[in-house]
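> return atomic coordinates for the entry below.
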Amino acid sequence: MSTLRLPWETGTDLDRGQPPALAFHVLGAGGTITTHYRLVV
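Numbers count the residues shown, from 1 in each chain. Presented below is the predicted three-dimensional model:
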């Protein structure tokens, strides 16, 4: 789990005020990767 900001978000690298999140990476049949982020609350 991480509270690190994504590259396109502005501000500090670590925001302890944000809830932790999980990232699920799905590899598609054509070789594409899709990432889904879910908050852990």
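> where does this protein dip in pLDDT?
Filtered on pLDDT under 70, the chain yields the residue ranges 1-7, 10-15.
> please redo it, this time with the cut-off set to 90
Applying pLDDT under 90 to the chain flags residues 1-24, 35-41.
> now do the strands in it.
21-27, 33-39 (DSSP state E).
> in TSV, list those along with distance to residue 9 and mean neighbour count.
In this view, the C-beta of every residue, glycine as well, is placed from N, C-alpha and C. Shown next, in TSV, are these (distance: least, CB to CB, whole Å; neighbours: other CB atoms under 10 Å):
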stretch	distance to residue 9	mean neighbour count
strand 21-27	12	10
strand 33-39	12	9
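> which one of those lies nearest to residue 8?
strand 33-39 (12.7 Å; CB to CB).
> list the contacts of the closest one.
19, 20, 21, 22, 23, 24, 25, 26, 27, 28 (CB atoms under 8 Å, 6 or more residues apart in numbering).
> try it again at 6 Å.
19, 21, 22, 23, 24, 25, 26, 27 (CB atoms under 6 Å, 6 or more residues apart in numbering).
> show me the beta-bridge partners of the second one.
Looking back up the chat, that one is residue 21. In this entry, residue 21 is beta-bridged to residue 2, residue 39, by DSSP bridges.
> now the terminal residues of stretch 18-29, how far apart.
Stretch 18-29 has an end-to-end distance of 34 Å (criterion: CA to CA, to the nearest Å).
> start at 566, not 1
In the new count, where the first residue is 566, that last one comes out as stretch 583-594.
> dig out what residue 599 forms beta bridges with.
Under DSSP bridges, the beta-bridge partners of residue 599 are residue 591.
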